[in-house]
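Visitor: Quick one, structure for this:
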Amino acid sequence: MSSIKKKPNKKVFFINQKVNSRLKSYIVSDYFWAWAKILVGKLSPKAYLQFLDLFAGAGRYEDENASTPLLILEHVINDVDLRAKVKLVFNEADYVIYNKLKAEIEGFPGVSTLTYAPQILNESVGGGKIEELLLSSTLMPTLLFADPWGYRGLTMDLFSHILKKWGCEIIFFFNYSRINAAINNKKVTAHINSLFGQNRADRLRRDFVRTNQEEKGDIWFERITPEEREQIVVVNIDAAFREALSPRNVFTQKFRFTNGRGNRTSHYLIFATKEPFALRVMKDIMAKQSTSNEQGVASFESSPLHKQLSLGLTTEISPLEKLIELLRRDFVARTLTVTELWNEHHIRTFNASTHRFTLPNYKQALLLMEERSIVKILPHRDKRPSPLGKPTLADDCSIIFG
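Guide: Numbers count the residues shown, from 1 in each chain. This is a model prediction of the structure:
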């Protein structure tokens, strides 16, 4: 039997939709809906919103399940405001798949009601037309979705140019398994440099190997574990986004996908935005699509075996107890509202310790702290609504830390 690995057949991919693909499409389309409904009322009369899918695929699998382009299209057609103010751009480089996508979109019920007819491109990402579209100085508020087969054509410079514009955000389906294998592959050095930025890519390659000094002065190399390797990649892609927009703030949120056996990471869906409220919206959407949770704290992953990778919140204590520890440490002798606490703490400390916590998780932790007399909350719990006998916590309640 030949040991040569065959190149994946992209056309075969569109026969049956897998669970991870379905969840990815739901997350993207749900966020698009929230993003578009928030921004559509803020547009000037001549402006419009743009959804741009760089690697759109066929639109529908052979098992009849719709993929992201058709879910987005349906959202727009079904809303009178979006029909008038959203421009959809779908790009697919493979000519056979492009023709299938074109037929699906042009034959979609209600597509003729859109003010802007969907634009369907057959271009290579990194080529002239795509870059011209993305680098335009008059770029309208755009939600960019990049779901590449690998990594070619994607650059951090391109991402940063888009994120700097008002109302522009990025959802990137990060193919961890392929990029992990490419880090130290000299044949694709240029592509990895473009994706991470050369300085960070060089640092990433060095981090993939640890050096230790023996007593005799000889240097030997110790291979890092797969978990350590994955953590290094995830940390560096986050850092690359932040550096690209410096000195502007950029926030990212990740959702992990495992392979069919649940024993290895295949992809990450990475969301990047400048807006704290957008981060909150996406976190809520991703939390609802997680395949497992502990104490109401979502795993932010899709795994058939519900295995959690030890990259994020993995401690010997429960998630909410960990959050309580963080809040006690960070707000000594402070008084602030729930909203002020959430905005300050979640953004300021946003890292592996807090990336899984949503606003409801913060409220749950604060109510436990009130019950244990760690904090005081005003109005007092007997003055707040208590449906089904359970105390509630409004956004404007004051939290008093001792």
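Visitor: ends of stretch 157-177, how far apart?
Guide: 23 Å (C-alpha to C-alpha, to the nearest Å).
Visitor: what does stretch 266-285 give?
Guide: By C-alpha to C-alpha, the extent of stretch 266-285 from end to end equals 21 Å.
Visitor: How many neighbouring residues does the residue nearest to T155 when sequence neighbours are not counted have?
Guide: Once flanking residues are discounted, T155 sits nearest to S194: 4.2 Å by C-beta to C-beta, 6 or more residues apart in numbering. For the C-beta atoms, the positions are set from N, CA and C on the backbone; glycine is no exception. For S194, the neighbour count with other C-beta atoms under 10 Å is 20.
Visitor: Next, the contact list for S194, please.
Guide: 154-157 (C-beta atoms under 8 Å, 6 or more residues apart in numbering).
Visitor: quick one, domains of this structure?
Guide: Residue ranges for each domain of the chain read 10-302, 319-401, as given by automatic domain parsing.
Visitor: what's the most buried one of these?
Guide: domain 10-302 (a mean of 17; mean count of other C-beta atoms under 10 Å).
Visitor: pLDDT on that one, on average?
Guide: Averaging pLDDT along domain 10-302 yields 87.
Visitor: and the residue nearest to T155, what element?
Guide: Assessed by DSSP states H and E, S194 sits inside helix 189-196.
Visitor: again, but for I285
Guide: helix 276-289.
Visitor: Now L139: closest residue in space, sequence neighbours ignored.
Guide: Computed as C-beta to C-beta, 6+ apart, the closest residue to L139 that is not its neighbour in sequence is K165, at 5.2 Å.
Visitor: Could you look up the SS state of the one you found?
Guide: Following DSSP: H, G, I helix; E, B strand; the rest coil, we place K165 in the coil state.
Visitor: quick one: it and M140, what's the gap?
Guide: Remark: distance between K165 and M140 (C-beta to C-beta, to the nearest Å) = 8 Å.
Visitor: Repeat that for A66.
Guide: A66 is 25 Å from M140, by C-beta to C-beta.
Visitor: cool, and P45?
Guide: From P45 over to M140 the distance is 13 Å, taken as C-beta to C-beta.
Visitor: now swap in F331 and tell me
Guide: Counting by C-beta to C-beta, the gap from F331 to M140 is 40 Å.
Visitor: Now do the contacts for the residue lying closest to G167 once chain neighbours are set aside.
Guide: Excluding its sequence neighbours, the residue lying closest to G167 (C-beta to C-beta, 6+ apart) is P141, at 2.8 Å. P141 makes contact with 39, 43, 47, 49-50, 165-168, according to C-beta under 8 Å, 6+ apart.
Visitor: can I get the residues you listed in TSV with distance to K187?
Guide: Output for these, formatted as TSV (distance: C-beta to C-beta, whole Å):
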residue	distance to K187
L39	41
L43	45
A47	43
L49	39
Q50	35
K165	34
W166	39
G167	38
C168	33
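Visitor: What is the nearest of these to G389?
Guide: For the contacts of P141, the closest approach to G389 (C-beta to C-beta) belongs to L39, at 40.0 Å.
Visitor: Of the contacts of S194, which belong to helices?
Guide: Members of the contacts of S194 lying in helices (criterion: DSSP state H): 156-157.
Visitor: what would the contacts of S194 look like in CSV with distance to F90?
Guide: Shown next, in CSV, are these (distance: C-beta to C-beta, whole Å):
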residue, distance to F90
L154, 17
T155, 21
M156, 23
D157, 23
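Visitor: Next, the angle from the helix or strand harbouring E340 to helix 276-289.
Guide: Applying DSSP H and E as the criterion places E340 in helix 338-348. Orientation check (axes from the mean of the first three to the mean of the last three C-alpha atoms, to 10 degrees): helix 338-348 against helix 276-289 gives 90 degrees.
Visitor: Figure out how far helix 338-348 is from the centre of its chain.
Guide: Chain-centre distance of helix 338-348: 20 Å, with C-alpha atoms, centre = their mean, to the nearest Å.
Visitor: continuing past that helix, what's the next helix or strand?
Guide: Sequence order places helix 359-371 as the next helix or strand after helix 338-348, per DSSP H and E.
Visitor: what residues are up against the residue nearest to I171 when sequence neighbours are not counted?
Guide: In this structure, I171 finds its nearest non-sequential neighbour in F145, 4.9 Å apart by C-beta to C-beta, 6+ apart. Residues in contact with F145, defined by C-beta under 8 Å, 6+ apart, are 28, 51-54, 68, 170-171, 173.
Visitor: so F145 sits in a strand?
Guide: Yes: counting by three-state DSSP, one finds F145 located in a strand.
Visitor: partner residues bridging L88?
Guide: In this structure, L88 bridges to F51 when assessed by DSSP bridges.
Visitor: Tell me how far it lies from E74.
Guide: L88 is 11 Å from E74, where distance means C-beta to C-beta.
Visitor: Likewise for V40?
Guide: Counting by C-beta to C-beta, the gap from V40 to E74 is 17 Å.
Visitor: now the strands for the stretch 101-250 of the chain?
Guide: 119-121, 142-146, 169-174, 209-213, 219-223 (DSSP state E, counting those that start in this stretch).
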